[in-house]
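Undergrad: Task: produce atomic coordinates for the following.
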Amino acid sequence: MRETSISRAGSAMRAPRIVAVAALSLALALPEGEAGASLQSSPWVELPNARVRLLAGPPAVEGAKSYLAGVELTLGEGWKTYWRTPGDAGVPPSFDWAGSVNLDRAEVLYPAPVRMHEPAAETIGYRKSVVFPVEVLPADAGKPVELHLTVAFGICRDICIPAEASLTLPLHPEQMRGAPSPAMLAALQRVPRQAALRRAIGVA
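TA: Residues are numbered from 1 along each chain as shown. Next comes the predicted model:
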């Protein structure tokens with residue numbers, strides 16, 4: 001199977017849905033080793049051949065009024081998931097923030113995927129793991145935000161399985177202060193925004 005970096009519209013797959021739910025009553029802080037960053041996470045939701053969680057911390061740019069959050073998805077050996085346009089087969093991920101408190105907007109960004117060439121189809125997506133960066137803008141920056149996310153995505157190896165997880169993560173205004181997590185900044189840098197724009201306008 002060959003893979004190349006980086007879209008075509010795909011067809012949906014149908015299979016029994018796996019649903020998992022996790023609620024977070026107290027944010028879990030990752031170890032303070034990332035340049036002083038305060039990165040919070042929900043518990044992992046364990047699914048067959050995949051797991052998923054929410055991450056959040058200070059904004060990418062000092063003084064911004066939004067949190068830099070992320071949806072982290074890891075996959076079992078040999079499994080893959082899909083980009084927003086999955087190719088000849090597969091299901092794009094969907095992110096539903098209904099029920100969130102004090103949330104004005106949550107913008108999900110997509111890291112650059114790879115093309116996965118297979119005998120019967122050419123798909124576009126991710127293997128092993130991916131972090132989708134999310135810009136979380138509070139309705140009132142002085143008040144806490146409570147994120148409620150239902151994320152649905154497809155995973156495939158020899159068979160394809162639609163999966164779904166419900167995640168909750170509280171965010172507090174003091175988390176706006178401090179340096180952003182290097183891990184989250186690295187995920188943000190994988191989003192091909194400026195590079196794609198330069199190619200579109202013919203600038204090297």
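
Undergrad: in stretch 146-160, what counts as buried?
TA: By neighbour count with 16 or more other CB atoms under 10 Å, stretch 146-160 contains the buried residues Leu147, His148, Leu149, Thr150, Val151, Ala152, Phe153, Gly154, Ile155, Cys156, Cys160. In this view, the C-beta of every residue, glycine as well, is placed from N, C-alpha and C.

Undergrad: Pick out whichever of those residues sits closest to Glu72.
TA: Lowest distance from Glu72 to those (CB to CB) belongs to Val151, with 10.6 Å.

Undergrad: pretty sure that closest one contacts Phe95?
TA: Yes - when contacts are counted by CB atoms under 8 Å, Val151 is listed as touching Phe95 (5.5 Å).

Undergrad: Can you pull the residues that touch both of those two?
TA: Val71 (CB atoms under 8 Å, 6 or more residues apart in numbering).

Undergrad: related to what we said a few turns ago, I'd like to know which of the buried residues of stretch 146-160 is nearest to Arg105.
TA: Taking the buried residues of stretch 146-160 together and measuring to Arg105 by CB to CB, the closest member is Leu147, at 12.0 Å.

Undergrad: What pLDDT is listed against the closest one?
TA: Turning to Leu147, the model gives it a pLDDT of 98.

Undergrad: With Ala20 instead?
TA: Ala20 is assigned a pLDDT of 40 by the prediction.

Undergrad: What of Pro180?
TA: pLDDT for Pro180: 86.

Undergrad: Can you tell me the SS state at it?
TA: coil (DSSP: H, G, I helix; E, B strand; the rest coil).

Undergrad: show me the contacts for it.
TA: Contacts of Pro180 (CB under 8 Å, 6+ apart): Ala37, Gly57, Pro58, Pro59, Ala60, Leu68.

Undergrad: And those residues, which is closest to Ala139?
TA: Nearest to Ala139 among these, with distances taken as CB to CB, is Pro59, at 16.1 Å.

Undergrad: Next one: the closest one from Glu164, what distance?
TA: Using CB to CB, to the nearest Å, we find Pro59 at a distance of 29 Å from Glu164.

Undergrad: For those two, indicate the residue with more neighbours.
TA: Pro59 (21 against 18; other CB atoms under 10 Å).

Undergrad: wait, what's in contact with the more buried one?
TA: The contact partners of Pro59, taken as CB under 8 Å, 6+ apart, are Lys65, Ser66, Tyr67, Leu68, Met176, Pro180.

Undergrad: quick one: pLDDT of the residue nearest the centre of the chain?
TA: With the centre of the chain defined as its mean C-alpha position, the nearest residue by CA atoms, centre = their mean is Phe132, 2.5 Å away. For Phe132, the pLDDT comes out at 96.

Undergrad: what's across from it in the sheet?
TA: For Phe132, the beta-bridge partners under DSSP bridges are Val71.

Undergrad: hang on, the earlier thing: of the contacts of Pro59, just the buried ones, PyMOL syntax please.
TA: With 16+ other CB under 10 Å as the criterion, this PyMOL line picks the buried residues out of the contacts of Pro59:
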select buried, resi 66+67+68+176+180
